[in-house]
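> Quick check, what structure comes out for this input:
(one chain, ligands or ions: 2)
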Amino acid sequence: METTAARTAPAVIVAIDGPSGTGKSSTSKAVAAQLGLSYLDTGAQYRAITWWMVSNGIDVTDPSEIAAVAGKPDIVSGTNPSAPAITVDGTDVSGPIRTQEVTSKVSAVSAVPEVRARITELQRSIAKSAERGIVVEGRDIGTTVLPDADLKIFLTASPEARAARRSGELKGADLHTTREALLKRDAADSSRKTSPLAKADDAVEVDTSDLTLQQVIECVVTLVEEKRATK
Ligand SMILES: Nc1ncnc2c1ncn2[C@@H]1O[C@H](COP(=O)(O)OP(=O)(O)O)[C@@H](O)[C@H]1O
Ligand SMILES: Nc1ccn([C@H]2C[C@H](O)[C@@H](COP(=O)(O)OP(=O)(O)O)O2)c(=O)n1
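Ligands and ions are numbered 1, 2, ... in the order given. All right, here's what the predicted structure looks like:
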């Protein structure tokens, strides 16, 4: 629930990065809602451009083919943490971007520099226009997209905890298969040349393996409030 203090506080930019299943989306949405900030899911944008490539028959194993059309889809992200929305060329793609097919191809598409340049520009312009501040979650927000963010958080968790959380979501998914797929995607995201998944030197690292979601939210809200008090 947003408080009166939140409505009058100075704008604050929060970057939350980390690998898959560490709690970035759940934490970012809750913190933004509680503090009256906008919210941006940058993974959804990479998923949306990947969905467009797949839907238009682009060979996602060919970086030059991806680069040639990277500027074509019109991706629009909503920033309401209580109702995150994403459209491509006017079509709501919030469901289709979560399929296994998109998940298995998103690392290859998001490694292409032309894709990153385009999406990064979009992210910076959304962050700039958030009057009361924003929580932006992803892989390279603290290092590349918003290096001057007021607060940078890097969430981690053991592969076992992350796989258990993910297979809980994908009902009936095998734990071992989920763990392997997740580690494969992390390795691809961490080893790409352009803005890989990485912790910024000035980010606060929070290991969420043994914390409840509520504990992680409280920890981040406290860190944001401390930052705001010094602004
Ligand atoms: N600290 C936590 N303890 C238990 N489950 C969690 C925790 N944080 C997140 N989850 C759950 O794990 C799943 C993945 O979380 P999510 O926020 O989507 O992670 P990410 O955005 O980093 O991939 C969700 O079902 C979420 O409810
Ligand atoms: N800032 C970002 C955000 C996501 N990506 C890429 C790499 C990720 O594997 C995919 C999907 O991100 P997403 O946050 O939706 O992934 P999870 O829901 O955590 O599994 O997008 C990126 O390259 N840079």
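
> Residue 138 versus residue 198, what's the distance?
From residue 198 across to residue 138, the span is 11 Å (CB to CB, to the nearest Å). Where you see a C-beta, it was placed from the backbone N, CA and C, and this is true even at glycine.

> Overlap of the contact sets of those two?
Common contacts of residue 198 and residue 138, defined by CB atoms under 8 Å, 6 or more residues apart in numbering, comprise residue 17.

> From the neighbour counts alone, determine which of the two ranks first.
Here residue 198 and residue 138 are set side by side on neighbour count (other CB atoms under 10 Å), and the busier one is residue 138, at 29 against 16.

> who in the chain is up against ligand 2?
For the chain, the residues in contact with ligand 2 under the definition CB under 6 Å from any ligand atom are 20, 42-44, 46-47, 106-107, 110, 138-141, 185, 189.

> go with 8 Å
17, 19-22, 24-25, 41-47, 50, 97, 103, 106-107, 110-111, 116, 119, 123, 137-141, 145, 166, 182, 185-186, 188-189, 192, 195, 197 (CB under 8 Å from any ligand atom).

> Mind checking which of the residues you listed are in helices?
Using DSSP state H, 24-25, 42-47, 50, 103, 106-107, 110, 116, 119, 123, 166, 182, 185-186, 188-189 are the members of the residues of the chain next to ligand 2 that sit in helices.

> buried set for stretch 212-230?
Applying a neighbour-count criterion of 16 or more other CB atoms under 10 Å, the buried positions in stretch 212-230 are 216, 217, 219, 220, 221, 223, 224, 227, 228.

> no no, stretch 154-163
For stretch 154-163, the buried set under the neighbour-count rule, 16+ other CB under 10 Å, comprises 154, 155, 156, 157, 159, 161, 162, 163.

> So is it next to ligand 1?
Yes. Applying CB under 8 Å from any ligand atom, one finds stretch 154-163 in contact with ligand 1 at 155, 157, 161, 162.

> Mind listing residues that contact that stretch?
Contacting residues not belonging to stretch 154-163 are listed as 16-24, 27, 142, 165, 175, 178-179, 182-183, 199-200, 203-210, 216 [CB under 8 Å, 6+ apart].

> let's go with 7 Å and repeat that
Applying CB atoms under 7 Å, 6 or more residues apart in numbering, the external contacts of stretch 154-163 come out as 16-18, 20-24, 27, 175, 178-179, 182-183, 199, 203, 205-209.

> do the same with stretch 170-180
Counting contacts by CB under 7 Å, 6+ apart, the residues outside stretch 170-180 that touch it are 159, 163, 164, 166, 167.
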